[in-house]
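>>> Okay, predicted coordinates and the sequence, questions at the end:
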Amino acid sequence: IYKYVCMTIFVIGMIGNGLSVIVFSRKVLRRRSCAIYFLALAATDLLNLSFSLINIVLPSYNFSITAKSSVICKLHVFIVYFTSDYSNYLLAVASIDRAISIQCSLKAKTFCRAKVAIYIIITLGT
C-alpha cells in the first residue's frame, strides 16, 4: 500500500508542479519577480519529487539505483537535500519580495524586478 500512496503523491505533485511551470512561464508573468521565484520553486520541486521518490518506489520493485554506484548514491543524496533546502530558500525570498513590494513601494522599484530575481535565484543556487 505504501508504494501506491507514494505513486499517488508523485503523480499529483508532478501534475501540480508541471502546471505551475506552464502558468509561471507565460510571457506576462515572466516580468514579475515573484512569478520568477515561483517558477524556480516549481522546477525545483519537480526535481526534488523525482529524485526523492526514486529511492522510495524503485526498491519496492526490487531495484535500487543508489546501490549500483557510490557516485550515483552521493549525487542522489546531494540532489535530494539541495533541492529540498533550495525550495525553502526560494519560498523565503518570494515572501521577502512580496513584503517589500507591499510595505516599501520605493524599494520595490529597485528590488522587486525580474533581473534581480534571476540574480538572486542564481546566487542562492551557488
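Sure, I can see it.
>>> got a list of what D97 touches?
33-34, 37, 111-112, 117 (Cβ atoms under 8 Å, 6 or more residues apart in numbering). From N, CA and C alone the C-beta is placed, and that goes for glycine too.
>>> Distance of the closest residue to R32 other than its chain neighbours relative to F24?
Nearest residue to R32, sequence neighbours excluded (Cβ to Cβ, 6 or more residues apart in numbering): A114, at 6.9 Å. To F24, A114 is 12 Å away according to Cβ to Cβ, to the nearest Å.
>>> Show me which of those two is the more surrounded one.
F24 (20 against 15; other Cβ atoms under 10 Å).
>>> tell me the contacts of that one?
With Cβ under 8 Å, 6+ apart, F24 has these contacts: 30, 35-36, 38-39, 42.
>>> Which residue, other than its chain neighbours, is closest to it?
L39 is the one closest to F24 (Cβ to Cβ, 6+ apart), at 3.8 Å.
>>> State the number of residues packed around the one you found.
Count around L39 with other Cβ under 10 Å applied: 22.
>>> what about it, which helix or strand?
helix 33-57 (DSSP states H and E).
>>> what's that helix packed up against?
helix 2-24, helix 70-103, helix 114-125 (3 or more Cβ pairs under 8 Å, 6 or more residues apart in numbering; DSSP states H and E).
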